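Visitor: What shape does this take:
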Amino acid sequence: MLIEDILLEIFQTNLPLILLALLLVILVVKAVKIVPQSEQHVVERFGRLRAVMGPGINMIVPFIDRIAHKISILERQLPTASQDAITRDNVLVQVDTSVFYRIIEPEKTVYRIRDIDSAIATTVAGIVRAEIGKMDLDEVQSNRTALISTIKLLVEDAVDNWGIEVTRAEILDVNLDAATRAAMMQQLNAERARRAQVTEAEGKKRAVELAADAELYASEQTAKARRVLADAEAYATQVVATAIGENGLEAAQYQIALKQVEALNALGKGSGNQTILVPAQALEAFGDAFKLLKGRG
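Guide: Numbers count the residues shown, from 1 in each chain. Purely as a prediction, here's the structure:
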């Protein structure tokens, strides 16, 4: 009993100090706030914005300031959204989009917009419809990268007052209705058939061109051969003329006699049993030719 009385007396005597120490501990706990690396905290004082606390140790005024919002600053992805759009050439398409963003100014996000995800999704849907309406279907399919860049820039401008940064905007797919797909398949098949016909026609045209080139080449070679023969005959004639000029009539008679003998040999080489009638004048000419050749020999 003596020890309990002593402790009770000490407690009663130091009660104010104990209460003061306990109050100090509570104040420290309430004043010191540790913010995680991936968050920012919005602090209000009497319902008004006081400060935005970044990651690390921060101090507030206990019982006066309060943390009203804890905002994650990690990059977020909106759920994939599908919206209908009509292209410039009046084709109905269904576009699947996805947007990535992160909050960089929490005070704007919490005080200027109620549902940030829904607001961004609505903005993206409107921009996608407007931009696709300016393009033909072929341009939508072929210029998807440029379309994505345009959509990203327009979304960034639209949400600038909401304190967020759009990091990426993606067009995941562009779907067509069944009737449009069937029409496009017919058009594709027709285009393939047209290309096949063009290829076949070009092949035939090339074959005709090659045949014409071959005929032209053959004609050129024939003409060239004829020119060579003509040159040879001209040369031979020139040689004979030169010989006549140098040796006179005797050289000409020798050439004539030579031709007559060659003709007679050709007649004698005929096939089968034949009887050849030669006029007397021809025999005399052949006799003269033999004499002349004999004299030359």
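
Visitor: What are the boundaries of the helices in this protein?
Guide: Ranges of helices within the chain are 2-31, 106-112, 116-132, 137-142, 144-158, 178-247, 249-268, 280-296, based on DSSP state H.

Visitor: What's opposite Q83 in the beta bridge?
Guide: V95 (DSSP bridges).

Visitor: shouldn't it be in contact with L92?
Guide: No. With contacts counted by Cβ atoms under 8 Å, Q83 stays clear of L92, the gap being 11.4 Å. Where C-beta positions appear, they are placed from N, C-alpha and C, glycine not excepted.

Visitor: quick one: which of these two has more around it?
Guide: Q83 (17 against 14; other Cβ atoms under 10 Å).

Visitor: could you check the distance from that one over to L153?
Guide: Taking Cβ to Cβ, to the nearest Å as the criterion, Q83 is separated from L153 by 19 Å.

Visitor: And for R206?
Guide: 50 Å.

Visitor: need the contact list for L78.
Guide: With Cβ atoms under 8 Å, 6 or more residues apart in numbering as the criterion, the residues that contact L78 are S98, V99, F100, Y101, D117, I120, A121, V124.

Visitor: What subset of the residues you listed is buried?
Guide: Buried members of the contacts of L78, counted by 16 or more other Cβ atoms under 10 Å: S98, V99, Y101, I120, A121, V124.

Visitor: quick one: the fifth one and A81 touch, right?
Guide: Yes. Under the criterion of Cβ under 8 Å, A121 makes contact with A81 at 5.3 Å.

Visitor: burial of R129, as a residue count?
Guide: Burial measure for R129: 14 neighbouring residues, criterion other Cβ under 10 Å.

Visitor: And the closest residue to it other than its chain neighbours, how close does it get to V93?
Guide: Here the nearest residue to R129 in space, its sequence neighbours aside, is A85; by Cβ to Cβ, 6 or more residues apart in numbering that works out to 4.5 Å. Applying Cβ to Cβ, the value for A85 to V93 is 6 Å.

Visitor: Test my guess that I34 contacts G56.
Guide: Yes. Using Cβ under 8 Å, I34 is in contact with G56, at 7.2 Å.

Visitor: For V93, give its distance to D136.
Guide: Counting by Cβ to Cβ, the gap from V93 to D136 is 11 Å.

Visitor: er, A182 I mean
Guide: For A182, the distance to D136 under the criterion Cβ to Cβ works out to 19 Å.

Visitor: related to what we said a few turns ago, more neighbours, R206 and L153?
Guide: Under the criterion of other Cβ under 10 Å, the comparison of R206 against L153 puts L153 first, with 13 against 10.

Visitor: Tell me who's in contact with the more buried one.
Guide: With Cβ under 8 Å, 6+ apart as the criterion, no residue contacts L153.

Visitor: related to what we said a few turns ago, would you single out the least confident of the helices of the chain?
Guide: Comparing these by mean pLDDT, the weakest confidence falls on helix 280-296, with a mean of 52.
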